[in-house]
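*Asks:* Just the structure for this:
(chains A and B)
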Number of protein chains: 2
Amino acid sequence: MSMKQYLLTPGPTPVPDRVLLAMARPVLHHRMPAFSKIFNEVVDGLSWIYQTAGKPIILNGSGTVAMEAAVVNLMSKGDLALVAHSGKFGERWVELCKAYGVGVVEVKAPYGAAVDPAAVEKALADNPGVRAVFIQANESSTGVRQPYEAVAKLAHAQKDCLVVVDAVSALGAWDIKMDELGIDALITGSQKALMLPPGLAFIALSERAWARQPRSDLPKYYLNLATERKAQQNGETAWTPGVSLIIGLAEALAMLKEEGLAAIFARHDALARATRAAAVAAGLELYAPGAPSPTVTAIKAPRLADGTALDTDLLVKHLRSSYGVSIVGGQGSMKGQIFRVAHLGYYGPFDILTVVTALEMSLKDLGCKVELGVGTRAAEEILSAWRKQAKADAAPKK
Amino acid sequence: MSMKQYLLTPGPTPVPDRVLLAMARPVLHHRMPAFSKIFNEVVDGLSWIYQTAGKPIILNGSGTVAMEAAVVNLMSKGDLALVAHSGKFGERWVELCKAYGVGVVEVKAPYGAAVDPAAVEKALADNPGVRAVFIQANESSTGVRQPYEAVAKLAHAQKDCLVVVDAVSALGAWDIKMDELGIDALITGSQKALMLPPGLAFIALSERAWARQPRSDLPKYYLNLATERKAQQNGETAWTPGVSLIIGLAEALAMLKEEGLAAIFARHDALARATRAAAVAAGLELYAPGAPSPTVTAIKAPRLADGTALDTDLLVKHLRSSYGVSIVGGQGSMKGQIFRVAHLGYYGPFDILTVVTALEMSLKDLGCKVELGVGTRAAEEILSAWRKQAKADAAPKK
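*Replies:* I've put the predicted structure just below:
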């Protein structure tokens, strides 16, 4: 028998059957009215998720494409950028800026910690020429929620300085009000909270950012957002779009609207709390206890009976080979040192309970000291309280 | 009743049900062994279609992404490129080079004609500094097959000069032997002969081109082919790939292998000849009779009874609204002046007969002088001869 498989990673995240089947419908031509109608509805749905009056732009590619689009459309050669980072995805902002000849002031924090807004404030004061601050909403390599709200305020206090937020593993999972926070460029991808396969990236710009765009002198063609904006205002794209993914996105947005933003955010919050509580109850140590991410929980290597650390790549492999449960380990220097449990997108309580129970059994299998059921119990307590509250919230008001 | 729809455009092309359903399978994680196995098989299948010993690179995006990748990886700032062109897609090479500060020598031909290799030869002699020649295999905006074979030879006679061929609407439809022709960069997209929805682009480089790549100083990040090559040699991609499209591509390649390259090419050739014969028999005039494309036939505006030209946009709209048949009109200055019938990808004889019969009826509906069935008969004659030959070719040899 082929083992039943559970994809429980922070991206690709599980795709609902409704969305998979929508994508299996016959392909539409991207320059015809039937497609334009769906395209315009999808853009409206994105505005709803982005909590913006603007119209997010749809690009072909993974989230990194939208990051590159932000750099090449908002910066010019020799401009100075401030990158506030503490993980692999933050480092990508640095690499991107450098690839295009944009100077970088780095404000770093150790892996597992959030960046310090006070350090950003000081760096901005020391570098009045900074024209944009780049940050993550969620650093998924370390399971850290970054203080992008405070950083956005600091950037706005600086003269002619934009704030660009990579929310690839955040947007649609928790409350990020683009317009209210004054975010100038907000980025996400299809394969996270939007419950699609990878292949689409999204970027919304503020009016300040759109005013900056024509002045940018970095070379670009496919990622020229002015070209895209002009086409997308007419219900088309500049280049042939990922038609089937956009059809799938219409279905995913319908599902998200049925649930409602408040319920989506409450669900992600409960799943995150349940995961952390289970890990701690099972005797494990959180990697980012000070700024835990609402979408991915990073956990340090469990201890074996002899007190040494278990290689987390072995743990990840065991979960997959023995239980069919796919989670992810650590990247770069964190490889073997941490593992990460996602709760992002099309996740319900039993996905978390699947991971927690598979984890408990795997720890036992691999010789760690663990009492089966203890982590599970901690998760169940949080999840049952959340369901009770969700039912109360959904009940008709008297 | 909702009208039965026929998507018969040169891209997106129709996607087989087998491929649509393969893409509806649960998503795989792109860094896990089950996906790497499929990825490696897909790359092998692409080498087979490309007729190259090298390994084509898979990118997220539409064909234009691979065109941009060719420019930014093979050229440097201030380099000189020769673009041989006579249509919208050829003009894209010019725009791309200029966007990155690459100088351009243009060798043009009128729309509807192929570029003249003798003019390319002269331009190369006049400009010994040309470091690459850019051309289309098929100019789908005009239905022209370009003489890329002759141009490749001329480019190779030049010192340190590469030849880059956009075969987005050609590769997999007719015989293009990358290695034998010495093409240095060969590009295609998913939504054409490969029978997939849009979203993936492909580029294969020759060893000469790979040797050039590290010397290119144009800025790039997502489209850095050295980064991709390193990842893809290990069964991964540098950035999150369009997983579902790659799963679909494995299925599409299986179908193409079942048919075989020789049979695929013969089918495209027969469909193209049938389309042209039907148009001429129906009293229409081909737009590119001198260099007709094997994958898309462009036809001039039909004449109304009073001798004036019918707006081809009206004709295209009538085919769609009255018969559910989607074809495409002209782009840019050809808008309203031509219409285009595709025979590219998952097309069989009855797709062509659908277009031809819908066209005959539409011409009658719209007041053109046409004898119903005459174009159809011309197409049937060619198609039945092709089937007879195909059966003979497939029969076991005695």
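*Asks:* Only C-alpha atoms from now on, for both contacts and neighbour counts.
*Replies:* Fine.
*Asks:* May I have the residues that are in contact with the residue in the stretch 201-350 of chain A positioned nearest to chain B?
*Replies:* Closest residue of the stretch 201-350 of chain A to chain B, Cα to the nearest Cα: residue A:242 (4.7 Å). Listed by Cα atoms under 8 Å, 6 or more residues apart in numbering or on different chains, the contact partners of residue A:242 are A:60, A:199, A:200, B:61, B:62, B:197, B:198, B:199.
*Asks:* got those residues as JSON lines, with distance to residue B:162 columns?
*Replies:* Listed next are the contacts of residue A:242 as JSON lines, based on distance: Cα to Cα, whole Å:
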{"residue": "A:60", "distance to residue B:162": "28"}
{"residue": "A:199", "distance to residue B:162": "31"}
{"residue": "A:200", "distance to residue B:162": "32"}
{"residue": "B:61", "distance to residue B:162": "24"}
{"residue": "B:62", "distance to residue B:162": "23"}
{"residue": "B:197", "distance to residue B:162": "31"}
{"residue": "B:198", "distance to residue B:162": "28"}
{"residue": "B:199", "distance to residue B:162": "27"}
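*Asks:* tell me which of the residues you listed is nearest to residue B:35?
*Replies:* residue A:199 (15.8 Å; Cα to Cα).
*Asks:* Check the closest residue to residue A:148 other than its chain neighbours and give its pLDDT.
*Replies:* Leaving aside its chain neighbours, residue A:148 sits nearest to residue A:137 (5.9 Å; criterion: Cα to Cα, 6 or more residues apart in numbering or on different chains). pLDDT recorded at residue A:137 is 98.
*Asks:* Could you list the low-confidence segments of chain A?
*Replies:* By pLDDT under 70, the low-scoring segments of chain A are A:1, A:398.
*Asks:* and it, which residues reach chain B?
*Replies:* A:7, A:9, A:11-12, A:14-15, A:20-21, A:23-30, A:60-62, A:64-65, A:68, A:96, A:99-100, A:197-199, A:219-222, A:239-244 (Cα under 8 Å from any Cα of the partner chain).
*Asks:* Filter those down to the buried ones and hand me the ChimeraX line.
*Replies:* Buried subset of the residues of chain A next to chain B, written as a ChimeraX selection, criterion 16 or more other Cα atoms under 10 Å in any protein chain shown:
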select /A:7,9,11,12,14,15,20,21,23,24,25,26,27,28,29,30,60,61,62,64,65,68,96,100,197,198,199,219,220,221,222,239,240,241,242,243,244
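*Asks:* from the residues of chain A next to chain B, which ones fall inside helices?
*Replies:* Secondary structure from DSSP state H places A:20, A:21, A:23, A:64, A:65, A:68, A:96, A:99, A:243, A:244 of those in helices.
*Asks:* From the residues you listed, pick the one nearest residue B:314.
*Replies:* residue A:243 (24.8 Å).
*Asks:* Go ahead and confirm the closest one touches residue A:32.
*Replies:* No. Taking contacts as Cα atoms under 8 Å, residue A:243 lies outside contact range of residue A:32: 11.6 Å.
*Asks:* ok, and what's touching stretch A:342-351?
*Replies:* With Cα under 8 Å, 6+ apart, stretch A:342-351 has contacts from A:8-10, A:13-16, A:169, A:173, A:192-195, A:267-268, A:271-272, A:294-297, A:327, A:352, A:383.
*Asks:* That should have said stretch A:119-130, apologies.
*Replies:* By Cα under 8 Å, 6+ apart, stretch A:119-130 touches A:79-82, A:84, A:105, A:107, A:151, A:154-155, A:158-159, A:161.
*Asks:* Now secondary structure too, for these, in TSV please.
*Replies:* Shown next, in TSV, are the contacts of stretch A:119-130 (DSSP: H, G, I helix; E, B strand; the rest coil):
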residue	secondary structure
A:79	coil
A:80	strand
A:81	strand
A:82	strand
A:84	strand
A:105	strand
A:107	strand
A:151	helix
A:154	helix
A:155	helix
A:158	coil
A:159	coil
A:161	coil
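*Asks:* which of these has the most neighbours?
*Replies:* residue A:84 (30 neighbours; other Cα atoms under 10 Å in any protein chain shown).
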